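A.B. asks: predicted model follows, preceded by the sequence.
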2 protein chains.
Amino acid sequence: MAESAAKTIMSGEGRLFLTDEQLRKGIEAMFFAYRGFTADPDRILEERGYGRAHHRAIHFIHRSPGTTVNNLLSILGVTKQSLNRVLRTLIDDGLVESRIGTSDKRERHLYLTEAGEELEQALSDAQRSRMRAAYRAAGPEAVAGFRQVLEAMMDPDLRRHYSALREAGQ
Amino acid sequence: MAESAAKTIMSGEGRLFLTDEQLRKGIEAMFFAYRGFTADPDRILEERGYGRAHHRAIHFIHRSPGTTVNNLLSILGVTKQSLNRVLRTLIDDGLVESRIGTSDKRERHLYLTEAGEELEQALSDAQRSRMRAAYRAAGPEAVAGFRQVLEAMMDPDLRRHYSALREAGQ
DNA sequence: CTTGGAAAGTCAACAAGGCTGACTTAAAAT
DNA sequence: ATTTTAAGTCAGCCTTGTTGACTTTCCAAG
């Protein structure tokens, strides 16, 4: 890791020269790390008969309580039918509440119930604990670099969502 | 990004204090970045009627020519039946060649054919080009941090695979 | 030399979670 | 009054994962 960083050569004009080999390592790092990233929540979800799709819905409803279905669709990047299937089970199981909009009654605003918040806690505790361990192991400068590269890797539309969350969140 | 990095406070003893909010941002960064990471190859795969599972197989056969089915299984973390379905189509389509082992004739050693190497090139060109752009945008120190955090996030078994590749690769 | 176990392959059946297309209902907007 | 938008639903399809059962081939240890 340290050696490979040393291999990213800067030319005179400050342009970065990256070998295919270094890029391939980055690609594989993403692949293997993402597996770790999802492993812990996956175990919890399986116990309760849910999948990653449920996790994603729960995560973003928790983060933006009262979000509309349409908004959630554009964040998750799936079809209405696909999201609806997941949302249906979460509502039926009493983890998510769907309230009719006050100003625009066509909209449904989504909230986690107490039980939903509980599951969200369990899931994000598991995921954060791995993230925290990785951050601690790598150090604060590495964390800054990690986020910079990831942000640069996003599609512009998705980055919009990510950044919008930053304003609201931080 | 820069501001948030500044928020990772170091205590007197050098321990890192990370707020749930910072960790949540890291989690969402992984989510959105992974979407970008797979977007370009996904488009190429779709044209040819393949999926991500085919990409993964092609990637690791390219990287370790002559690898056995068992080895591939442990890297990909799927069942024999699941891999076999994908491998079957790749062999039938003439992208992968399966040769009976010389020392142990039970084993099959997997190689990409010329057509397979061609597709691999197209896929990894697309993926590398995004990775290269992200690396350039973020700079060499960020890249080192990126890889450090990702490596720390892997499951130990998967990290073994990742590191083994490093020796062979770099 | 036989027997046990490993590597690979296959068949069948199932589930999650994507997708498209078509259609309804209610409400907002024009 | 008409059109558009938000949401929901039904039906059907695909990919990619799963389990379980079973075969063939072959290495290796008793």
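C.D. replies: Received it, and whenever you're ready, just let me know what you need.

A.B. asks: for the residue of chain A found nearest chain B, grab the count of nearby residues.
C.D. replies: Closest contact between chain A and chain B, by Cβ to the nearest Cβ, is at A:Gly145 (2.5 Å). Any C-beta I mention is one placed from the backbone N, CA and C, and that applies to glycine too. Residues near A:Gly145, counting by other Cβ atoms under 10 Å in any protein chain shown, number 27.

A.B. asks: mind checking how far the residue of chain A found nearest DNA strand C is from B:Arg24?
C.D. replies: Residue of chain A nearest DNA strand C, by Cβ to the nearest atom of the strand: A:Gly51 (1.3 Å). Counting by Cβ to Cβ, to the nearest Å, the separation of A:Gly51 from B:Arg24 is 21 Å.

A.B. asks: can you check A:Leu87 too?
C.D. replies: 21 Å.

A.B. asks: low-scoring pLDDT stretches of chain A, where are they?
C.D. replies: A:1-16, A:165-170 (pLDDT under 70).

A.B. asks: residue numbers of it in contact with DNA strand C?
C.D. replies: Selection of chain A residues close to DNA strand C by Cβ under 7 Å from any atom of the strand yields A:49-54, A:77-79, A:81-83, A:85-86, A:103-106.

A.B. asks: which of those are buried? Put it as a PyMOL command.
C.D. replies: Burial among the residues of chain A next to DNA strand C is assessed by 16 or more other Cβ atoms under 10 Å in any protein chain shown; the matching PyMOL selection reads:
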select buried, chain A and resi 50+53+54+77+78+83+86
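
A.B. asks: which parts of chain A are helices?
C.D. replies: Taking DSSP state H as the test, the helices found in chain A are A:2-6, A:20-47, A:52-63, A:69-76, A:80-92, A:114-138, A:140-153, A:156-169.

A.B. asks: which ones are touching the residue of chain A found nearest DNA strand D?
C.D. replies: Using Cβ to the nearest atom of the strand, A:Asn70 is the residue of chain A that sits closest to DNA strand D, at 2.8 Å. Shown in contact with A:Asn70 (Cβ atoms under 8 Å, 6 or more residues apart in numbering or on different chains): A:Glu107.

A.B. asks: from A:Arg108, how far out is it?
C.D. replies: A:Asn70 is 9 Å from A:Arg108, by Cβ to Cβ.

A.B. asks: got the residues of chain A near DNA strand D?
C.D. replies: Residues of chain A lying near DNA strand D (Cβ under 7 Å from any atom of the strand): A:68-70, A:73, A:80-81, A:84, A:87-88, A:98, A:104, A:106-108.
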